[in-house]
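Participant: When you get a sec, could you give me coordinates for this:
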Amino acid sequence: MNEKREKIDLSILIVNFNSGVFLLNTVKSIFASGIKLKFEIIIADNNSTDNSLNAVKKKYKDIKIVQTGENLGFAKGNNFGSQFCNGEFFLILNSDTHIHKGSIDILLEKLRRNSKTGIIAPLLLNEDGSFQLSFGRDLKLLEEFFLKFFSKQFYRFYYIWKKGNIEKDVDWVSGACFLISGSLYRKISGFDENFFLYMEDADLCKRVRNEGYNIHITSKSKITHLLGKSTGKVLNSILPEIKKSHLYYYKKHNGNIRTSILKTYLLIKFSLKKILFRLKKNSSGIILSSAVIKTIRTFK
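Facilitator: Residues are numbered from 1 along each chain as shown. Below you'll find the predicted structure:
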């Protein structure tokens, strides 16, 4: 893109795919949060077929909407949208979030103040205000087999013990909301587009850390994340893509042997979950859905 860029502080980038009313509510919360610095909102639309864009266009005339032409997924969608961002900083934001007042300004202030921080993220909360796990340690087999459940319980306890005050460096943060400088995002070529959905945030954080920066989470900034609301209606159809991303991450960062072990583990885990789900719905027998069959094929 060769046109002259307007100098602004922040580009808020939202990838949309049939998010319905959640997209409009997210945009409303951005304006209601009282951002003091100059910002723009870019919505990269992944060929939505619902009314989500029309609702936003009707209420907000200055939002930049760019069409990808197809469902590119989260990683490619963000990279596509980033081409239209003029801000010094990029806020990657899900379409099913609610920004708390002052939260974005806090992130900007902290990131500008600490040159060693490459990515900063708010604390994510569930709709009822409870703690939502959105950060953690490097993803390895030990985490996969034993520590995922215990990590969730530990961090929930940690949150309560700290009385909601968390300020720490971590290995990864959720892609639902995080702040990064535009120059760093471009330096590392944004998200790895081999990820369609899932694990692209952990991969981006790892590559930022490889550049010598820290990943930071702060509870002084809070955002409500309606977990899964932006993908819930199509979750069954995208499960194969989620599993592909999971395996690709391990192959990229943990090697072929660990990936093979994980492949077997996930195949068993996923198949058992689906069988149990189908048993609950159909007491007369076990019927594997087409999504299960497609997912099994991705492991071969």
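Participant: if you count residues, which strand in this protein comes out on top?
Facilitator: The longest strand of the chain (DSSP state E) is strand 214-225.
Participant: name the helices or strands packed onto the next helix-or-strand element following that one?
Facilitator: Later in the chain than strand 214-225, the nearest helix or strand by DSSP states H and E is helix 235-281. Packing partners of helix 235-281 (3 or more Cβ pairs under 8 Å, 6 or more residues apart in numbering; DSSP states H and E): helix 141-142, helix 200-210, helix 290-298. (Each C-beta comes from the backbone N, C-alpha and C, glycine too.)
Participant: which of those has the lowest average pLDDT?
Facilitator: Here the helices and strands packed on helix 235-281 differ in mean pLDDT, and the lowest is helix 290-298 at a mean of 43.
Participant: neighbouring contacts of the helix or strand harbouring residue 122?
Facilitator: For residue 122, the host element (DSSP H and E) is strand 117-125. Strand 117-125 has contacts (Cβ atoms under 8 Å, 6 or more residues apart in numbering) with 100, 103, 106-107, 110-111, 131-132, 134-135, 164, 166, 173-174, 176-181, 184, 204-205, 208-209, 211, 213-219, 221-225.
Participant: And for stretch 102-115?
Facilitator: The contact list for stretch 102-115, computed with Cβ under 8 Å, 6+ apart, reads 9-10, 12, 30, 33-37, 39, 89, 91, 117, 120-122, 179, 181, 214, 216, 218, 220-223.
Participant: Any of those residues buried? List them.
Facilitator: Burial by neighbour count, judged by 16 or more other Cβ atoms under 10 Å, picks out 9-10, 12, 30, 33, 35, 39, 89, 91, 117, 120-122, 179, 181, 214, 216, 218, 221-223 from the contacts of stretch 102-115.
Participant: picking up where we left off before, and the next element down the chain from the strand holding residue 122?
Facilitator: strand 135-136.
Participant: Show me how far that following strand is from its chain's centre.
Facilitator: Distance of strand 135-136 from its chain centroid, counting by Cα atoms, centre = their mean, to the nearest Å, is 12 Å.
Participant: Quick check: neighbours of it in the sheet, parallel or antiparallel?
Facilitator: strand 172-173 (antiparallel) (DSSP bridges).
Participant: who's in contact with residue 249?
Facilitator: Taking Cβ under 8 Å, 6+ apart as the test, what residue 249 contacts is 139, 195, 199, 202, 203.
Participant: my bad, residue 242
Facilitator: Residue 242 touches 197, 198, counting by Cβ under 8 Å, 6+ apart.
Participant: Now do the strands in the stretch 51-200 of the chain.
Facilitator: 64-67, 87-93, 97-99, 117-125, 135-136, 167-170, 172-173, 177-181 (DSSP state E, counting those that start in this stretch).
Participant: Between those, which has the poorest mean confidence score?
Facilitator: Looking at these, the weakest mean confidence is strand 135-136, a mean of 91.
Participant: before we move on, back to that, can you select the buried ones from the contacts of residue 249 in PyMOL?
Facilitator: Those of the contacts of residue 249 that count as buried under 16+ other Cβ under 10 Å are selected in PyMOL with:
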select buried, resi 139+195+199+202+203
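Participant: if we can go back for a sec, may I have the strands that pair with the longest strand of the chain, each with its orientation?
Facilitator: With DSSP bridges as the test, strand 214-225 pairs up with strand 97-99 (antiparallel), strand 117-125 (parallel), strand 167-170 (antiparallel).
Participant: now for this protein, which residue lies nearest the mean position of the chain?
Facilitator: The residue lying closest to the centre of the chain (Cα atoms, centre = their mean) is residue 175, at 2.4 Å.
Participant: What is the burial count for the nearest residue to that residue once chain neighbours are set aside?
Facilitator: Nearest non-adjacent residue to residue 175, counting by Cβ to Cβ, 6 or more residues apart in numbering: residue 201, 3.3 Å away. Using other Cβ atoms under 10 Å, residue 201 has 22 neighbouring residues.
Participant: Can you verify my assumption that residue 201 contacts residue 177?
Facilitator: No - the pair formed by residue 201 and residue 177 falls short of the contact definition of Cβ atoms under 8 Å, at 10.1 Å.
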